[in-house]
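Engineer: Okay, sequence plus prediction incoming.
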Amino acid sequence: MNNKKLVLETGEVFLGKGFGANTERVAELVYNTAVVGYQEAFSDPSNLEYIMVMGYPVIGSYGLTDEDYESNELTISGLVVREYSKYPSNFRYTHELDERMDENGVPGISGLDTRELVRIINEKGSMRAMIANIDTPTEECLKKIKEYSVPKDVVAKISTKKVWYSRTVNYKYTIACIDLGLKKSLIAMLKDLGCNVVVLPYNANIEQILKYKPNGLFISDGPSNPYDIDNVIETINTLKGKMPILGVGLGQEIIELAYGAKLYKQKVGHNGCNIPVRNLKTNKIEITSQNDQYAVDVESLKKTELKPTHQNVIDGIITGVEDSKNKVIAVQFNPAPTSDDEYVFKRFINLIGGKKNA
């Protein structure tokens with residue numbers, strides 16, 4: 001391992017040992033609260049252009065497994081951990097984390113006080129940072145950080161370039177999916193409920209979508225500022241009321257924009273698989289996985305046809321909305337499969353099948 005350093009845009013410098021790709025990288029610094037599931041987080045397209053600080057102290061201990069990726073490669077820009085475990089202990093693992101990071105050009109740094117980093121992010125908000133070689137002058141790092149801005153074309157980079165299909169046996173419905181940064185697990189959830197899924201590029205037009213005669217429209221999660229995805233807003237406004245629509249993550253944010261609500265960037269977003277959300281219909285608490293930096297302005301939401309269905313327990317941010325008249329539902333989190341009728345994907349399928357929504 002070579003010596004590396006993490007430089008924050010606020011001037012703090014942390015020294016550590018490098019692993020993964022021997023390269024330098026500037027991106028937005030966020031922290032993740034997950035105890036397990038690091039492979040899913042590192043391969044989640046929603047985490048594109050993030051340097052991720054892991055709150056859990058030991059990362060790499062169970063390696064990576066071919067079946068558990070959310071996309072075909074690691075998507076994060078960099079990784080910061082307290083301790084990197086070089087030797088995995090897991091009968092399923094097929095690669096070491098360090099190995100795949102090197103292949104995907106992702107630098108990592110270990111040996112840092114990640115608790116202090118989390119406190120800094122909480123106090124000062126998400127910020128830009130750079131993983132750099134130890135001998136790169138800090139002034140040069142700060143200059144590169146200042147010059148960096150999150151690209152506006154991240155969805156174009158991560159979205160599929162061609163239409164593709166994910167089929168299941170004895171299917172009941174066909175779902176058109178707009179790929180803004182689609183996770184494999186979300187496709188699996190739809191297939192488990194008897195759906196064939198047609199995955200289309202982020203810029204697919206109405207004619208391309210309707211060509212496949214879908215029973216419903218699914219707008220996936222993904223990275224990016226939701227204000228940069230204008231064409232999907234037009235798609236939602238054209239198709240709402242004509243077929244059920246479900247949005248997840250970035251998909252929810254774009255649905256909210258399509259209805260005329262306003263969004264703002266949070267001081268600190270939500271990244272992790274252990275975030276509590278209250279279902280406002282049942283008053284039950286659900287533990288969810290989230291990757292978001294934007295939230296809806298509640299006052300602007302009141303002026304729309306959307307009604308809140310879920311709310312973050314910790315900070316009160318609205319994490320679920322619906323328009324029951326036009327059969328549109330959306331959540332900020334990744335739904336976990338359950339047999340309950342409140343399971344978001346099941347509610348979506350019930351809307352398609354004409355069943356009354358619980």
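Structural biologist: Sure thing, it's come through. Residues are numbered from 1 along each chain as shown.

Engineer: Enumerate the positions of stretch 168-183 that are buried.
Structural biologist: 168, 173-183 (16 or more other Cβ atoms under 10 Å). For the C-beta atoms, the positions are set from N, CA and C on the backbone; glycine is no exception.

Engineer: Which of these sits closest to L257?
Structural biologist: L180 (13.0 Å; Cβ to Cβ).

Engineer: The closest one reaches G222, doesn't it?
Structural biologist: Yes. If you go by Cβ atoms under 8 Å, L180 and G222 touch, sitting 3.2 Å apart.

Engineer: Now the common contact residues for the two.
Structural biologist: Shared contacts of L180 and G222, defined by Cβ atoms under 8 Å, 6 or more residues apart in numbering, comprise 155, 158-159, 202, 250-251.

Engineer: Run through the strands of the stretch 201-350 of the chain in chain order.
Structural biologist: Here the stretch 201-350 of the chain has its strands, by DSSP state E, counting those that start in this stretch, at 216-219, 245-248, 263-279, 285-296, 307-312, 318-323, 328-331.

Engineer: correction: the stretch 1-150 of the chain
Structural biologist: So, for the stretch 1-150 of the chain - with DSSP E, counting those that start in this stretch - the strands run 3-8, 13-20, 25-32, 50-54, 58-59, 78-80, 83-84, 107-110, 127-133.

Engineer: returning to what we had before: closest to T94 out of the strands of the stretch 201-350 of the chain?
Structural biologist: strand 263-279 (21.6 Å).

Engineer: Buried residues, the closest one. List them.
Structural biologist: Residues of strand 263-279 classed as buried by neighbour count (16+ other Cβ under 10 Å): 263, 268-273, 275, 277-279.

Engineer: go on, stretch 90-109?
Structural biologist: Buried-residue list, stretch 90-109, by 16+ other Cβ under 10 Å: 93, 96-98, 100-102, 104, 106-109.

Engineer: With distance to L6 added, can I get those residues in CSV?
Structural biologist: Below are those laid out as CSV (distance: Cβ to Cβ, whole Å):
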residue, distance to L6
Y93, 27
E96, 22
L97, 18
D98, 17
R100, 21
M101, 15
D102, 19
N104, 19
V106, 14
P107, 10
G108, 10
I109, 6
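
Engineer: could the residues you listed go into a markdown table alongside distance to H310 and pLDDT?
Structural biologist: Listed next are those as a markdown table, based on distance: Cβ to Cβ, whole Å; pLDDT from 0 to 100:
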| residue | distance to H310 | pLDDT |
| --- | --- | --- |
| Y93 | 35 | 94 |
| E96 | 38 | 95 |
| L97 | 33 | 97 |
| D98 | 38 | 96 |
| R100 | 34 | 96 |
| M101 | 34 | 97 |
| D102 | 39 | 97 |
| N104 | 33 | 96 |
| V106 | 32 | 98 |
| P107 | 36 | 98 |
| G108 | 34 | 98 |
| I109 | 36 | 98 |
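
Engineer: before we move on, the earlier item: as TSV, the strands of the stretch 1-150 of the chain with distance to G316 would be great.
Structural biologist: What follows is the strands of the stretch 1-150 of the chain, written out as TSV (distance: least, Cβ to Cβ, whole Å):
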stretch	distance to G316
strand 3-8	28
strand 13-20	32
strand 25-32	20
strand 50-54	24
strand 58-59	31
strand 78-80	29
strand 83-84	34
strand 107-110	34
strand 127-133	23
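
Engineer: which of the shared contacts of L180 and G222 lies closest to L48?
Structural biologist: I158 (5.8 Å).

Engineer: if I pick the closest one, what's in contact with it?
Structural biologist: I158 touches 45, 48, 71, 75, 180-181, 222-223, counting by Cβ under 8 Å, 6+ apart.

Engineer: if I look at it, how far off is Y202?
Structural biologist: Distance of I158 to Y202, computed by Cβ to Cβ, to the nearest Å: 9 Å.
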